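> Turn this into a model:
(2 chains)
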Amino acid sequence: MNEWILFPIVLPLLMATLSLLPRGWRFDRELMAVLGTFGHLVFSVLLFVQVQTEGIQVLQAGGWAAPYGITLVADLLSATLLVITGIVGFAVVIYSLGTVDELRQTFGYFPMLHVLLLGCSGAFLAGDIFNLYVWFEVILISSFVLLTLGGEHKQILGGVKYVTLNLVASAFFLTAIGLLYYQVGSLNFADVAQKVGSLDDKSPLLMTELLLLLAFLVKAGAFPFFFWLPASYHTPPVAVAALFAALLTKVGVYVLFRFSSLLFTVQGNPFSTLLLWLAGFTMVLGVLGAWSQTDMRRILSFHIISQIGYILMGLGLFSQLSISGGIYFMIHNIFAKANLFLIAGIIAMVGGSFQVKKLGGLFSKFGFLGVLFLISAMSLAGIPPLSGFFGKFTLIKAGLSQEVYPIVITSILVSVVTLLSMLKIWHHAFWQDHPDPTIDVEKNWSALGKSRVYMLLPAVLFSCITVSMGVFAEFFLSLTDQISTQLSDPNEYIQAVLGGGAK
Amino acid sequence: MEDLMPILIGVLYAAGVYQMLRHSIVKLILGLLFLTHATNLLLFYVGGLAGSAPILSGTGEVVMDPLPQAFILTAIVISFGIVAFFLVLVFKAYQANQAADLDELDWTDL
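Predicted coordinates:
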């Protein structure tokens, strides 16, 4: 029993509620956002330390023992992702202070940001599948609002696609929950994992698992369900896009990792080959999509898809090494991708456009911006000694040791194309002369005033994390190794939730 | 009743998918509604229809499983909220685009 688990959920909820109070009854929303997300980060780190030292932490809400009550579980994977959520939330709030306009702030930008963090924390900590569904809906509703807030033409139309596909995925998810409950009679992760093993007829279960897989592949933005992502992610303000890029698809992937450890393994992981095929197509189509684009945000959106492919590759190979690599890659990708969005926002503020062809001449005047961009871009492409290299290296090593050569070759080729499309942004925005000499980039920059600090701080923070994930790769890889060991042996999880005596 | 339910659920799923695949933006909403109702009914059905109210009296009579009903209640509330949001969103999209045909929605992909 551990009440600390509650804090990463309660704090954003409290902050969201307080931010909705009328002016005069509350503190400044911006102040609450900064303090709230920082507090969230602190509590997450405390929980992480506790999980590291004392093992899996469990909270049975109201004292109702699993599988009857609501269970919150923090294992190493959840705790790590919570810390990352905390860091990303904090950084995005700082960035929002300088970039999100007054109108959006008036109409509830910050409360919704808190709700999104609440949903993510809840999803990472949920101990049963129905709770997970509820947290997913919390994430969805807040992301709908954040996506369409401001009501620009493009936002609304992108929103329709995003909402429709995510609702269909939710319907699939709920259907699978119903079928699973019918077959197993329980929805608690640990209880389900224990009970499916003793089912007489396991074949109907395959259908349920396939539905679950489908639902979360849509949410993760994998082939062939990724179309909602590039149609909508470039429409909201950059801070929102960065938050979505960092967290939303990754929550879907997190659930796949969780299920593959507790549910899919019962029949010897029947989706391994399927996942590898999907991973390959996701990588290739994502990167080719990015190659054909000229809007920075759309290039980056397509790269999200391509990188989901790498994480799925780790899941599809399904060995301890590959899962460790997949999780490392996910962590690296969250920071690198969010950072690229944030930097693209700065570039657009200074250069006046998101279109790479309308940009230029930034390197001579803003060398630091170039360095920040280059760190994340090269990390994304997998150039050593940055974080992306070690993720890809581990994945490829796992692929080679299992002699699955096609996916290994695909992943190497895809990273070359990734490099090319990153160089496209670099070449146009930084090296080439500005095509429109009337735009004075230095004047644009100084006109930003105080927001410059707010915009640069998170970018510098993320770049530092990216570099240190590469330099101290051994530390991070040993962490992901621990996570993957914990995932590959669900007994520890089951024991922690159901207790030693329960059977 | 027990035999009719699966058929009803199947019809609702089919109707939902069919409506979603049509051109009209209004039918998209209808399709989503059908789909969520089908799912809710499915959740209801998995709990079993026979049995009395789930209050344990100690007499050993067969009671219904209350859990799926709690699930549906939650799911209905959630889908109610989301559909309310979606209605407004679709109305906004119609205003912005002046077309009720999904194929004529402006292209956001470029």
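
> Which other helices and strands does the helix or strand where B:Phe91 lies contact?
Using DSSP states H and E, B:Phe91 maps to helix B:66-97. Judged by 3 or more Cβ pairs under 8 Å, 6 or more residues apart in numbering or on different chains; DSSP states H and E, the packing partners of helix B:66-97 are helix A:129-148, helix A:153-184, helix B:25-46. Every residue, glycine included, has its C-beta placed from N, CA and C.

> What are the buried residues along it?
Buried residues in helix B:66-97, counting neighbours by 16 or more other Cβ atoms under 10 Å in any protein chain shown, are found at B:67-68, B:71-72, B:74-75, B:78-79, B:82, B:85-86, B:89-90, B:92-94, B:96-97.

> what about B:Gly58, neighbour count?
Residues lying near B:Gly58 (other Cβ atoms under 10 Å in any protein chain shown) number 5.

> what about it, distance to A:Leu76?
45 Å (Cβ to Cβ, to the nearest Å).

> what do you get for A:Phe341?
A:Phe341 sits 28 Å away from A:Leu76, going by Cβ to Cβ.

> Comparing these two, which residue is more hemmed in?
A:Phe341 (29 against 21).

> Which residue is the nearest non-sequential neighbour of A:Leu300?
A:Leu340 (5.4 Å; Cβ to Cβ, 6 or more residues apart in numbering or on different chains).

> swap that for A:Glu152, please
Here the residue nearest A:Glu152, using Cβ to Cβ, 6+ apart, is A:Thr235, at 7.1 Å.

> Those residues of the stretch 1-150 of chain A touching chain B, which are they?
A:130, A:133-134, A:137, A:140-141, A:144-145, A:148 (Cβ under 8 Å from any Cβ of the partner chain).

> Now a PyMOL select for only the buried ones of those.
When burial is assessed using 16+ other Cβ under 10 Å, the buried subset of those is captured in PyMOL by this command:
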select buried, chain A and resi 130+133+134+137+140+141+144+145+148
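
> Tell me which two of the residues of the stretch 1-150 of chain A next to chain B sit farthest apart.
The span of the residues of the stretch 1-150 of chain A next to chain B, defined through Cβ to Cβ, is set by A:Phe130 and A:Thr148 at 27.5 Å.

> between the helix holding B:Phe91 and helix B:25-46, how big is the angle?
180 degrees (axes from the mean of the first three to the mean of the last three Cα atoms, to 10 degrees).

> roughly how far apart are whichever residue of chain B sits closest to chain A and A:Tyr133?
Per Cβ to the nearest Cβ, B:Val46 is where chain B lies closest to chain A, at 3.8 Å. Look at B:Val46 and A:Tyr133: by Cβ to Cβ, they are 15 Å apart.

> that older thread, using CSV, lay out the residues of the stretch 1-150 of chain A next to chain B together with distance to A:His40.
Output for these, formatted as CSV (distance: Cβ to Cβ, whole Å):
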residue, distance to A:His40
A:Phe130, 24
A:Tyr133, 23
A:Val134, 19
A:Glu137, 20
A:Leu140, 20
A:Ile141, 19
A:Phe144, 22
A:Val145, 19
A:Thr148, 25
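
> from the residues of the stretch 1-150 of chain A next to chain B, which is closest to chain B?
A:Glu137 (4.7 Å).

> Next up, phi/psi of the residue sitting furthest away from the middle of chain B, please.
Distance from the C-alpha centroid of chain B peaks at B:Thr59, with 36.7 Å (Cα atoms, centre = their mean). Here is the backbone geometry of B:Thr59 (degrees, to the nearest 10): phi -90, psi 0.

> A:Leu312 now?
According to degrees, to the nearest 10, A:Leu312 has phi -70, psi -30.

> show me the contacts for it.
Under the criterion of Cβ atoms under 8 Å, 6 or more residues apart in numbering or on different chains, the neighbours of A:Leu312 are A:220, A:222, A:253, A:256, A:275-276, A:278-279, A:282, A:326.

> Not counting residues beside it along the chain, what's closest to A:Leu214?
A:Phe172 (5.4 Å).

> Quick check: pLDDT value at A:Ala502.
pLDDT for A:Ala502: 40.

> measure A:Lys450 to A:Leu113 for me?
A:Lys450 is 20 Å from A:Leu113, by Cβ to Cβ.

> between these two, which one's more packed in?
A:Leu113 (29 against 9).

> Centre of the chain to the strand or helix carrying that one, how far?
When elements are assigned from DSSP H and E, A:Leu113 belongs to helix A:109-125. The chain centroid and the centroid of helix A:109-125 are separated by 13 Å, computed with Cα atoms, centre = their mean, to the nearest Å.

> Which positions in the stretch 251-400 of chain A make contact with chain B?
A:Arg298.

> pLDDT below threshold where in the chain?
Let's take chain A. A:1, A:265-269, A:500-503 (pLDDT under 70).

> that's the wrong chain, I wanted chain B
B:106-110.

> Now for the spatially most central residue of it: which residues touch it?
Centrality entry for chain B: nearest residue to the mean C-alpha point is B:Thr36, 1.4 Å, by Cα atoms, centre = their mean. Neighbour list for B:Thr36: A:167, A:171, A:174, B:75, B:79, B:83 [criterion: Cβ under 8 Å, 6+ apart].

> ditto for A:Ser232
Here A:Ser232 is in contact with A:147, A:158-159, A:161-162, B:108 (Cβ under 8 Å, 6+ apart).

> can you tell me the residue of the stretch 151-300 of chain A closest to chain B?
A:Tyr182 (3.8 Å).

> can you pull the contacts of that residue?
B:Val46.

> can you give me the offset of stretch A:147-160 from its chain's centre?
With Cα atoms, centre = their mean, you get 22 Å for stretch A:147-160.

> Next: stretch A:482-490.
Relative to where its chain is centred, stretch A:482-490 has its mean C-alpha point 20 Å off (Cα atoms, centre = their mean).

> Nearest residue to residue 65 in space, please, no chain neighbours.
No chain was given, so I picked chain A. A:Gly499 (7.3 Å).

> that's the other chain; I wanted chain B
The shortest distance from B:Asp65 to any non-neighbouring residue, by Cβ to Cβ, 6+ apart, is to B:Gly47 (4.4 Å).

> and if you look at A:Leu76?
Nearest one to A:Leu76, counting by Cβ to Cβ, 6+ apart, is A:Ile483 at 4.7 Å.

> hang on, that neighbour packs against A:Ser324?
Yes - assessed by Cβ atoms under 8 Å, A:Ile483 is found in contact with A:Ser324 at 7.0 Å.

> Tell me which of the two has more neighbours.
More crowded of A:Ile483 and A:Ser324, by other Cβ under 10 Å: A:Ser324, with 26 against 23.
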